[in-house]
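Q: all I have is the shape, not the residue letters:
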């Protein structure tokens, strides 16, 4: 496998923080993952596009995540980049969590990350994801 890529269509969602509540009846703490359904939607789109690899992608890998958001109608045309929340790294965190145990064993194997956030074109809002194997020579060449 040289590269693997998939496009997730729809309005991009960013990682939200987990919420913790105390059950009033039992007194136990309950942690809720607000991203549970979004992660399931990402996995479902990968399966629907027949893009799920036969085996988990193992070893050091690089990931490119390109987020294309809908441009607000009231935003002046002179503004070219979405410099508002959510942060681009929160989009990456959601993709990483959705792909854990599904595309790769764990996101700790990601050693290279490129993430961008831009306004979408005529193809609509989406997240384009590219995964590639990182060769040790490539990393050493970039770092020197």
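A: The structure has been received and is ready for your questions. On a predicted model such as this, the values are computed, not experimentally measured, just so you know. Residues are numbered from 1 along each chain as shown.
Q: for the protein, which segments count as helices?
A: For the chain, helices defined by DSSP state H occupy the ranges 36-48, 88-99, 136-143.
Q: most tightly packed of these?
A: helix 88-99 (a mean of 20; mean count of other C-beta atoms under 10 Å). To be clear about C-beta, it is placed using only N, CA and C from the backbone, and glycine gets the same treatment.
Q: for residue 124, see how far away the most centrally placed residue in the chain is.
A: The centroid of the chain falls nearest to residue 95 when counting by C-alpha atoms, centre = their mean (2.5 Å). In this view, residue 95 and residue 124 are 18 Å apart by C-beta to C-beta, to the nearest Å.
Q: so what's residue 22 closest to, chain neighbours aside?
A: residue 29 (5.7 Å; C-beta to C-beta, 6 or more residues apart in numbering).
Q: got any ranges where the protein has weak pLDDT?
A: Filtered on pLDDT under 70, the chain yields the residue ranges 1, 136-144.
Q: got the helices of the chain as CSV, with distance to residue 82 columns?
A: Converted to CSV, those look like this (distance: least, C-beta to C-beta, whole Å):
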stretch, distance to residue 82
helix 36-48, 19
helix 88-99, 9
helix 136-143, 27
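Q: quick one: closest of these to residue 14.
A: With respect to residue 14, and counting by C-beta to C-beta, the nearest of the helices of the chain is helix 88-99 at 3.7 Å.
Q: what helices or strands is that closest one leaning on?
A: Where contact means 3 or more C-beta pairs under 8 Å, 6 or more residues apart in numbering; DSSP states H and E, helix 88-99 is packed against helix 36-48, strand 61-69, strand 110-119, strand 126-133.
Q: start to end distance for stretch 44-53?
A: Stretch 44-53 has an end-to-end distance of 14 Å (C-alpha to C-alpha, to the nearest Å).
Q: doesn't residue 109 make contact with residue 63?
A: No - counting by C-beta atoms under 8 Å, residue 63 sits too far from residue 109 to count as a contact (9.9 Å).
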